[in-house]
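Q: structure for the following, please:
(one chain, ligands or ions: 1)
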Amino acid sequence: MEPWDVTVIGGGILGTSFAYWLAHRYEGRIAVLEKESQVAQHTSRRNTGVVHRPFYLDPIERRVFARSSQVAYGMWKEYAARRGLPWVPVSTFEVATREDAVPRLDKYLQWGLANGMGEDELEVLTPAEVRRHEPNIRCHGAIWSKTDTGVDYPAFTEAMRDEAEQAGARFLLRAEVDSIEVAGDALEIRLAELGGGATYLDPRSRIRVRASRNSAPIRTRFLINCAGGNSIDIAHMLGVGREYTDLHFRGEYWEIDPAWHSLSSRNVYTVPKHPELPFLDPHWIVRADGRREIGPNAVPVPGPFTYRGWIDDPKEAVAKLFERPFRNKLRAVVNPDFVTLASEEWASSVSKRVMADRVKEFLPALREQYLTRPGTAGVRAQVIDRRGTFVKEAIEIVGPRSYHITNYNSPGATGAPAYAAWTVNRLARSGALDHLKAKPAKATGLGDFDAICAAIDATTPEPSRAMAAA
Ligand SMILES: Cc1cc2nc3c(=O)[nH]c(=O)nc-3n(C[C@H](O)[C@H](O)[C@H](O)COP(=O)(O)OP(=O)(O)OC[C@H]3O[C@@H](n4cnc5c(N)ncnc54)[C@H](O)[C@@H]3O)c2cc1C
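A: Just a heads-up that it's a prediction; the model follows:
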């Protein structure tokens, strides 16, 4: 079979955004390999569902995520209107639960404006002003981000998949990548065998591929790795990113009894107690469909798909714990701060009361009995470097005939369509997509490609030409 020109691994919101732009920009054979039978089955479904405005992102340290979120906000807003998808601007109060967190609110105001938010979108509030809007909230002050919006990320991903397919991309579902090797001027991808040596297919485009140990590998001229919780393992298959490993944190939620939805009509987040680990503090969330939830916590779990219990496959858990580079994990987990934090998070997983208590800090009227049932948990794959430090931004790694994106964490769903456009543009400029023929430029449902890239690109460094040569 003729090689694919570009193969994307992962049909989450990021991989699907890549397929969308590649198919709209280029002629050529573009495939997405996704191990599940539908797109957005993992983190892109199992998240808080908020389009985050970038007031809490340092415009320098978190520049790429900040710019991507800012640019994607307008893209999602128009896309939701055009496709008739949920768009519920519930807004967010980010509250200071301690006096010493109050100066942070002014900093957030400055960051939001520096990241391109409008003055009318942000307001710093005194405790009394907060109470006027939301009488149940107790805090030392808050910043009100008026345009934070509740959405349905799986619906966005499915819509982008539709349009990517119409533009020529092919989604091969139930296609789990097992190994990848360099073979001359292409890569050879082998898929894990499905139970019974079955075939997998894309029902819409009627592609069938045998997946058995003896079947021919899938060949591709270029690969983009967007495999979320497995992305580091995929990079390691091609011998790159070996300086990194990852730890997994399950974010659990509790649904609130509808009788108590009125406790707050807005999202309530807290200024993080540990700015280096901002994903630790649970929030009060207003979902796009009106449900209220609290969460997520961040419970250490052995693998990217451990949504319940602690270990789904003991053999895999042990292998994952001792995988190389082991030193990174060891440095992170022997840190006494990490041990204390991890035990707090475990406690809120084991005990509903502990979870409720964490939210009562800013919503004292909440009671344990208002938490009716667990919500849908998601897992964050947090990359750790050689020093045992948790890396904040996404990591991009050039590999042989490949580009790997890992540590693509929150607010990754918000920024995905803008970040993917910007990265496709950088790959093109590096020469990595020279084997593809450009299509004539045309307006797309997600907006104007060049304008999106220009808005993110102002001072971000060029990728090396090595990307093309690799
Ligand atoms: C608890 C939690 C809450 C969050 N809340 C928000 C939020 O409110 N707003 C926001 O903007 N961001 C949020 N995020 C972050 C956001 O959800 C992620 O950044 C985003 O979904 C990542 O998308 P992705 O496509 O990279 O990953 P994923 O959605 O995980 O997609 C990766 C895909 O790769 C596939 N895959 C993996 N291995 C293989 C393989 N070997 N072969 C083939 N396919 C493979 C998987 O099946 C999966 O479909 C949250 C994250 C978490 C964990």
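
Q: tell me the pLDDT at K392?
A: For K392, the pLDDT comes out at 87.

Q: for it, grab the count of nearby residues.
A: 19 (other Cβ atoms under 10 Å). To be clear about C-beta, it is placed using only N, CA and C from the backbone, and glycine gets the same treatment.

Q: is it correct that it falls within a helix?
A: No - when the secondary structure is assigned by DSSP: H, G, I helix; E, B strand; the rest coil, K392 falls in coil instead of a helix.

Q: the stretch 101-250 of the chain: strands as residue ranges?
A: If DSSP state E, counting those that start in this stretch is used as the criterion, the strands of the stretch 101-250 of the chain fall at 122-125, 142-145, 149-150, 170-173, 177-183, 186-191, 199-202, 207-210, 218-220, 223-225, 245-251.

Q: no wait, the stretch 301-450 of the chain
A: Secondary structure of the stretch 301-450 of the chain (DSSP E, counting those that start in this stretch): strands at 371-374, 378-384, 395-399, 402-406.

Q: closest one to R53 among those strands?
A: Between R53 and the strands of the stretch 301-450 of the chain, the shortest separation by Cβ to Cβ is 20.4 Å, and it involves strand 378-384.

Q: quick check, the closest one touching the ligand?
A: Yes - remark: strand 378-384 sits within contact range of the ligand at G378, V379, R380, by Cβ under 6 Å from any ligand atom.

Q: can you flag the buried ones in these?
A: With neighbours counted using 16 or more other Cβ atoms under 10 Å, the residues of strand 378-384 next to the ligand contain these buried positions: G378, V379, R380.

Q: and these as a markdown table, adding pLDDT?
A: What follows is these, written out as a markdown table (pLDDT from 0 to 100):
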| residue | pLDDT |
| --- | --- |
| G378 | 95 |
| V379 | 94 |
| R380 | 92 |
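
Q: looking at the stretch 101-250 of the chain, which residue is nearest the ligand?
A: At 2.6 Å from the ligand, G228 is the closest residue in the stretch 101-250 of the chain, using Cβ to the nearest ligand atom.

Q: pretty sure that residue contacts T43?
A: Yes - under the contact definition of Cβ atoms under 8 Å, G228 touches T43, with a separation of 5.4 Å.

Q: of the two, who's got more company?
A: The neighbour comparison of G228 against T43 (other Cβ under 10 Å) goes to G228, with 27 against 24.

Q: ok, now how distant is that one from I13?
A: G228 sits 9 Å away from I13, going by Cβ to Cβ, to the nearest Å.

Q: ok so, going back, now the strands of the stretch 101-250 of the chain in CSV, with mean neighbour count, mean pLDDT and distance to H24?
A: Below are those laid out as CSV (neighbours: other Cβ atoms under 10 Å; pLDDT from 0 to 100; distance: least, Cβ to Cβ, whole Å):
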stretch, mean neighbour count, mean pLDDT, distance to H24
strand 122-125, 18, 98, 33
strand 142-145, 26, 98, 31
strand 149-150, 23, 98, 25
strand 170-173, 22, 96, 14
strand 177-183, 17, 96, 25
strand 186-191, 20, 96, 24
strand 199-202, 17, 46, 19
strand 207-210, 14, 48, 20
strand 218-220, 22, 97, 19
strand 223-225, 27, 98, 15
strand 245-251, 23, 91, 32
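
Q: ok, which of those comes nearest K77?
A: Proximity to K77 (Cβ to Cβ) singles out strand 149-150 among these, at 7.6 Å.

Q: quick revisit: which residues do G228 and I13 both contact?
A: Both G228 and I13 are contacted by S44, under the criterion Cβ atoms under 8 Å, 6 or more residues apart in numbering.

Q: contacting residues for M1?
A: Counting by Cβ under 8 Å, 6+ apart, M1 makes contact with A216, I218, R219.

Q: quick one on the thing from earlier: rank the strands of the stretch 301-450 of the chain by pLDDT, which is bottom?
A: For the strands of the stretch 301-450 of the chain, the bottom mean pLDDT is recorded on strand 378-384, which sits at a mean of 92.

Q: other SSEs contacting it?
A: Other elements packing on strand 378-384 under the criterion 3 or more Cβ pairs under 8 Å, 6 or more residues apart in numbering; DSSP states H and E are helix 231-237, strand 245-251, helix 326-333.

Q: try 6 Å this time
A: Counting contacts by 3 or more Cβ pairs under 6 Å, 6 or more residues apart in numbering; DSSP states H and E, strand 378-384 is packed against strand 245-251.

Q: next structured bit after the longest helix anywhere in the chain?
A: Scanning the chain for the longest helix, with DSSP state H as the assignment, gives helix 63-83. Beyond helix 63-83 on the C-terminal side, the first helix or strand identified by DSSP states H and E is strand 92-95.

Q: parallel or antiparallel, list what pairs with that next one.
A: In the sheet containing strand 92-95, the strands it pairs with under DSSP bridges are strand 142-145 (antiparallel), strand 267-270 (parallel).

Q: so what touches that strand?
A: C139, A142, I143, W144, S145, D148, R266, N267, V268, Y269, T270, F362 (Cβ atoms under 6 Å, 6 or more residues apart in numbering).

Q: again with stretch 291-300
A: Contact with stretch 291-300 is made by 249-256, 261, 279-280, 282, 284-286, 342, 345-346, 348-349, 359, 375, as judged by Cβ under 6 Å, 6+ apart.

Q: buried members of these into ChimeraX, please.
A: With 16+ other Cβ under 10 Å as the criterion, this ChimeraX line picks the buried residues out of the contacts of stretch 291-300:
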select :249,250,251,252,253,254,255,256,279,280,282,284,285,286,342,345,348,349,359,375
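
Q: let's see which of the contacts of stretch 291-300 end up in helices.
A: A342, E345, W346, S348, S349, V359.

Q: about what we covered before: got TSV for the contacts of M1, with distance to the ligand too?
A: Formatted as TSV, the entries for the contacts of M1 read as follows, by distance: Cβ to the nearest ligand atom, whole Å:
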residue	distance to the ligand
A216	18
I218	11
R219	16
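
Q: what about the residue lying closest to R386 once chain neighbours are set aside, neighbour count?
A: Across the structure, with Cβ to Cβ, 6 or more residues apart in numbering as the measure, the residue nearest R386 apart from its sequence neighbours is E243 (5.5 Å). Other residues near E243 come to 13 when the count uses other Cβ under 10 Å.
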